[in-house]
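A.B. asks: what follows is a predicted protein model with its sequence.
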Amino acid sequence: MRKCLRCGAEMKESCDLRVQGAGYGLVLAKDENKLFGGRVGKPKVAVCPRCGEISLYLDEVEKLR
């Protein structure tokens, strides 16, 4: 469970972030010189239902090591 950093409410997790006008989402990569090999994972979004604050996070942080 994620808590909102602004108001302390429980956030709604596992939302997706998509670029408007495209069918693609966002992918986090470690190496900007690699087209596909440097992918770390797809960021998830948590949204606060009380104040609207959003938070980006990764489920699989072990790939950063």
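C.D. replies: Sure, I can see it. Since this is a predicted model, take the numbers as computed values, not measurements.

A.B. asks: use CA for all of it now, contacts and neighbours both
C.D. replies: Fine.

A.B. asks: okay, how far is it across stretch 11-28, tip to tip?
C.D. replies: 22 Å (CA to CA, to the nearest Å).

A.B. asks: in that stretch, what's buried?
C.D. replies: 11-13, 17 (16 or more other CA atoms under 10 Å).

A.B. asks: list the buried ones in stretch 3-10?
C.D. replies: 4, 10.

A.B. asks: and it, end to end?
C.D. replies: End-to-end distance of stretch 3-10: 5 Å, with CA to CA as the criterion.

A.B. asks: also stretch 44-55?
C.D. replies: Distance between the boundary residues of stretch 44-55 (CA to CA) amounts to 8 Å.

A.B. asks: dump the residue contacts of the nearest residue to residue 27 once chain neighbours are set aside.
C.D. replies: Nearest residue to residue 27 in three dimensions, chain neighbours excluded: residue 42, at 4.6 Å (CA to CA, 6 or more residues apart in numbering). The contact partners of residue 42, by CA atoms under 8 Å, 6 or more residues apart in numbering, come to 25-28, 58.

A.B. asks: any idea how far stretch 24-41 is from the chain center?
C.D. replies: Centroid separation between stretch 24-41 and its chain, computed with CA atoms, centre = their mean, to the nearest Å, is 13 Å.

A.B. asks: and it, what's its mean pLDDT?
C.D. replies: Averaged over stretch 24-41, pLDDT sits at 71.

A.B. asks: give me the contact list for that stretch.
C.D. replies: 16-19, 42-43, 58, 60, 63-64.

A.B. asks: of the contacts of residue 42, closest to residue 4?
C.D. replies: Comparing the contacts of residue 42 against residue 4 with CA to CA places residue 58 closest, at 16.3 Å.
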